[in-house]
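**Q** Predicted model and sequence below, questions to follow.
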Amino acid sequence: EQNNRILRDEVIQGNVPAILYPYEFAIVPDNRVELSASTYIISRNENIQFVFEIDTTHTFTSPLREVSPPITGTSAYVNWSPQLTLQANQVYFWRVRIADVYPVQWNSASFKYIPARTGWSQDHPAQIFRNPVSRVEMDATNLEWNFTSEKQTLHAYILQNGEAEYFLGPYQNNDFEPGLPGIYFASFDQQTLRPHAEEGVTGDWEFRSAHDGGNSAGAILELFQLIEATPEGDYFLMVSYVNPRIHLWRPEWFEVMKQIGVDPAEMMQMVDGQELIIFGQKGAPVGSAITILEPNLPLDPNPPIYDLLIDLKSNFDSALVVSPPIGPATQWETLVKEWNTVDPFENESLNSDVIAVRSNNTEDQVRDELPEGPFNLGNLDAAEYPYLRLEGTMKDAEYVTAPQLDVWEVYYEPAPDLAVDPAVAFTLPDTAEEG
C-alpha cells in the first residue's frame, strides 16, 4: 500500500477474439475449411467458449448462414469446421466471438475459395470498404465506386478601369491587354469545372471584341456559336471588358442567351458603356442565370465594382485506391485484376502499380500502370520482398464516373503461421524475425 492506494497487477482477457485462419482476404485451396481463432491476451485460462458464423454475405443474413454451437477452446487456439461445402470462386465471410461476453463483440474476416490456389483476394465490394482511398468512395447502398467532390469558388470581377479577372481553383485569366472593348467568356465542365479552353494567350478563357453595329457580325459571333456548342449542364461565364456594346446586339443573339438561363429582357435595356457579368448553365430555366448589370460591391472610398463570388461543386475525374498489405509470401505467382465501367469506354482506365515491401518496411515500385489481365510475378524475389501492396489509379476524363474495380487478387505461397499454447511449457528467444 502506498499513499492509501492498493496496487495490483492482473491480466484481463480481451473481449474480442483474434482471427487466425482463414485470415482476412485469404484465398483457400480446398472446398472444406477449418476456421480458427485466438484471444489477443495469452494466458493459461482454459475452457473459453467461442461462437462462429459463416455466410456468403457480409451482413450474415442469407439463408446459407451457418452458426456453430458454443465451441470450447483456450485463449491461444480454437477451431470449428462448418458443414457447408465451399463453392468455387465464391467469397465467404466469417466471424467469431467469445460466447459469454456481453454486449456481443465479433471479429470478422473474409476469404475466397479458388481450387488449388492460395494467396490474397478482394472480390466483393464489402471487402474493399475500408481500403485507403483518395478522391473516390464506395456507395454502401448500391455498392458502386463514385468519384468524390470538393468545393471550388468562382470569383469574377471588373475593376474601376474596366479590366476583368476571374479565378476558379487552378484556373484564371492571364494578364492581357485586348486593345478593343469586348467580352471575355469561358465554359466549364459541370463535373470537373475544367474550362473547355485552357492556357491560351488570355489564360483559361477567351476574348472577342464587341460588335460595332455594322453589317458584319465580326468576332462576337463566335461567342454565340460557343454557347450553342456547350454541352448540356455545363457552366458559362461572361465578363465584359470596358464596353460590351450590348445595345448593338441583334435580336437573335439575345435568343441564344436563353440557352444558358439568361432572361434577355434586362440585357435589351442596356445602354452604351454599361458593363456586365453573367454566369449561367446550359439548359437551365430562363431567368436562373446570375446577371450583374450594375456595380454591386462597394469599395469605399473608391467607386463600387462588378463582382461575382459563388461556390461550385467539382467532381474529381481521377482517384487512387490502395490495397492493405499482401503476404508474407515464400513465392509470388500471379496478379489478377478485373474492372468494368458504367458508361462507354471513352478516356477511361484503371491501371495498377505493384509496390514490393521488404521486412524493414522499405519498398520499391516493381510494376506500374498494369491494365486489366493476369500478370506474372514469379520473378519477384519473395525472400527480399515478402509483402506487396497494390495501388489502383482510376480515371474517367469523359464521363467522370469512376471505373468499377471488380476484383484484384494475388496468387502466392504463404509463409507458415505460428501459434503458441501457454498451457504447454515453452521458451522463446527474446528476438524473433518478423515474417
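**A** Looks like it came in fine.
**Q** can you confirm Glu252 is in a helix?
**A** Yes: Glu252: assigned to a helix according to DSSP: H, G, I helix; E, B strand; the rest coil.
**Q** Select the longest helix from this protein.
**A** Counting by DSSP state H, the longest helix found in the chain is helix 221-229.
**Q** Indicate each strand paired with the next helix or strand after it and its parallel or antiparallel sense.
**A** Going down the chain from helix 221-229, the next helix or strand is strand 235-241, by DSSP states H and E. When sheet partners are counted by DSSP bridges, strand 235-241 sits next to strand 182-188 (antiparallel), strand 277-281 (antiparallel).
**Q** Turn the ones you listed into JSON lines, columns for mean pLDDT and mean neighbour count.
**A** Placement of C-beta: from N, CA and C, glycine included. Putting the strands paired with strand 235-241 into JSON lines (pLDDT from 0 to 100; neighbours: other Cβ atoms under 10 Å) gives the following:
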{"stretch": "strand 182-188", "mean pLDDT": "96", "mean neighbour count": "24"}
{"stretch": "strand 277-281", "mean pLDDT": "98", "mean neighbour count": "22"}
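**Q** and Pro231, what does it touch?
**A** Shown in contact with Pro231 (Cβ atoms under 8 Å, 6 or more residues apart in numbering): Asp189, Gln190, Lys282.
**Q** what about the first one, neighbour count?
**A** A count of nearby residues for Asp189, using other Cβ atoms under 10 Å, gives 19.
**Q** For it, which non-adjacent residue is closest in space?
**A** Asp234 (5.8 Å; Cβ to Cβ, 6 or more residues apart in numbering).
**Q** Next: Tyr157.
**A** With Cβ to Cβ, 6+ apart as the criterion, Tyr157 has its nearest non-adjacent residue at 4.5 Å, and that residue is Asp307.
**Q** In a strand, that neighbour, correct?
**A** Yes: per three-state DSSP, Asp307 lies within a strand segment.
**Q** burial count for it?
**A** 17.
**Q** Could you measure from it over to Asp175?
**A** From Asp307 across to Asp175, the span is 20 Å (Cβ to Cβ, to the nearest Å).
**Q** ok, now Gln365?
**A** Taking Cβ to Cβ, one finds Gln365 at 41 Å from Asp175.
**Q** if you count what's nearby, which of those two comes out ahead?
**A** Using other Cβ under 10 Å, the more surrounded residue of Gln365 and Asp175 is Gln365, with 11 against 8.
**Q** Ile290 contacts Phe279, correct?
**A** Yes: using Cβ atoms under 8 Å, Ile290 is in contact with Phe279, at 4.5 Å.
**Q** Quick check: neighbours shared by those two?
**A** Leu308, Ile310.
**Q** For the residue most central in space within the chain, which residues are in contact?
**A** Nearest to the geometric centre of the chain sits Val136, at 1.0 Å (Cα atoms, centre = their mean). Residues in contact with Val136 (Cβ under 8 Å, 6+ apart) are Trp145, Asn146, Phe147, Thr148, Phe316, Ala319, Leu320, Val321, Met394, Ala402.
**Q** re earlier: tabulate the CA atom coordinates of the longest helix of the chain in CSV.
**A** Taking C-alpha atoms only, helix 221-229 is exported to CSV below (Å, rounded to 0.1, in the frame of the first residue of the first chain):
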residue,chain,number,x,y,z
LEU,A,221,-20.4,35.8,-83.4
GLU,A,222,-18.0,33.1,-82.1
LEU,A,223,-19.4,33.8,-78.6
PHE,A,224,-22.9,32.6,-79.6
GLN,A,225,-21.5,29.7,-81.5
LEU,A,226,-19.7,28.5,-78.4
ILE,A,227,-22.9,28.9,-76.3
GLU,A,228,-24.7,26.7,-78.8
ALA,A,229,-21.9,24.1,-78.7
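**Q** Packing partners of it?
**A** strand 182-188, strand 206-209, helix 251-257 (3 or more Cβ pairs under 8 Å, 6 or more residues apart in numbering; DSSP states H and E).
**Q** Can I get those in JSON lines including distance to Leu370?
**A** Listed next are the helices and strands packed on helix 221-229 as JSON lines, based on distance: least, Cβ to Cβ, whole Å:
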{"stretch": "strand 182-188", "distance to Leu370": "34"}
{"stretch": "strand 206-209", "distance to Leu370": "40"}
{"stretch": "helix 251-257", "distance to Leu370": "48"}
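**Q** and Pro371, which of the ones you listed is closest to it?
**A** Evaluated over the helices and strands packed on helix 221-229, closeness to Pro371 peaks at strand 182-188, with 30.8 Å, by Cβ to Cβ.
**Q** Can you check what angle separates the closest one from helix 221-229?
**A** If you take axes from the mean of the first three to the mean of the last three Cα atoms, to 10 degrees, strand 182-188 sits at 20 degrees to helix 221-229.
**Q** what does strand 182-188 contact?
**A** 164, 166, 168, 173, 194-197, 202, 204-210, 219-220, 223, 226-227, 230, 234-242, 244, 282.
**Q** list the contacts for the residue nearest to Tyr157?
**A** His155, Ala156, Tyr157, Ile158, Ile277, Ile292, Asn296, Leu297.
**Q** ok, it to Ile290 distance?
**A** For Asp307 relative to Ile290 (Cβ to Cβ), the value is 11 Å.
**Q** Touching both of those two, which residues are there?
**A** Jointly contacting Asp307 and Ile290 under the rule Cβ under 8 Å, 6+ apart are Ile277.
**Q** still on that earlier bit, any chance of the contacts of Pro231 in CSV, plus distance to Met257 and pLDDT?
**A** CSV is the format used below for those (distance: Cβ to Cβ, whole Å; pLDDT from 0 to 100):
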residue, distance to Met257, pLDDT
Asp189, 21, 92
Gln190, 19, 91
Lys282, 11, 97
